[in-house]
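Visitor: With the input below, show me the fold.
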Amino acid sequence: MTKITMTVNGKTRSGDAEGRTLLVQFLRDTLGLTGTHVGCDTSQCGACVVHVNGKAVKSCTMLAAEADGADVSTIEGQAAPDGTLNAIQQAFQDHHGLQCGFCTPGMVMSAAALLKDNPKPTETEIRHYLEGNICRCTGYHNIVKAIMAASGQDVGAIAAE
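Guide: Have a look, this model is predicted:
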């Protein structure tokens, strides 16, 4: 067992982990942050996306030890301390960008990374960026609308599918 210490959502957090422990397991099982989901265990679905040192990563593909000393942001850290949703989360709610909610944490974290790098993405750019995130419920249309809305763009321009 190795002691792993990282800053998670602005707070220093530590725990013991085996060398083979994945970051997603460490976040969920050791730190109790269960908002990051495990959907496929093969890096295909994107439900486990978190930010490590400002970069979106699939936490099922990274060892916890690789994140030792890193700054990690999870879905739990996206809302304001009083529970107020951030712009992306609110847009997902307002534009019905979720149904069962399983993919939502990864979608929100991916959207945050996209909007950080590209504050006004086109519909095509959003769809391309989300290729690593699978949603089995919504058909992506409302997710794309939500991300467009979160970026301050008019969602009326998106054709219904």
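
Visitor: Where does the prediction get shaky in the chain?
Guide: Applying pLDDT under 70 to the chain flags the ranges 159-161.

Visitor: Next one: the most centrally placed residue in the chain from Ala56, what distance?
Guide: Centroid check for the chain by C-alpha atoms, centre = their mean gives Met109 as the closest residue, at 2.4 Å. Distance, Met109 to Ala56, by C-beta to C-beta, to the nearest Å: 6 Å. Bear in mind the C-beta positions are built from the backbone N, C-alpha and C, glycine included.

Visitor: quick one, strands of this protein?
Guide: 2-8, 11-17, 49-52, 55-58, 71-73 (DSSP state E).

Visitor: in the fourth one, what counts as buried?
Guide: By that I understand strand 55-58. Ala56, Val57, Lys58 (16 or more other C-beta atoms under 10 Å).

Visitor: Thr122: which of the strands of the chain is closest?
Guide: strand 55-58 (19.0 Å; C-beta to C-beta).

Visitor: Please parse this protein into its domains.
Guide: 2-77, 87-150 (automatic domain parsing).

Visitor: Using a markdown table, lay out those domains together with distance to Gly156.
Guide: Shown next, in a markdown table, are the domains of the chain (distance: least, C-beta to C-beta, whole Å):
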| stretch | distance to Gly156 |
| --- | --- |
| domain 2-77 | 27 |
| domain 87-150 | 9 |
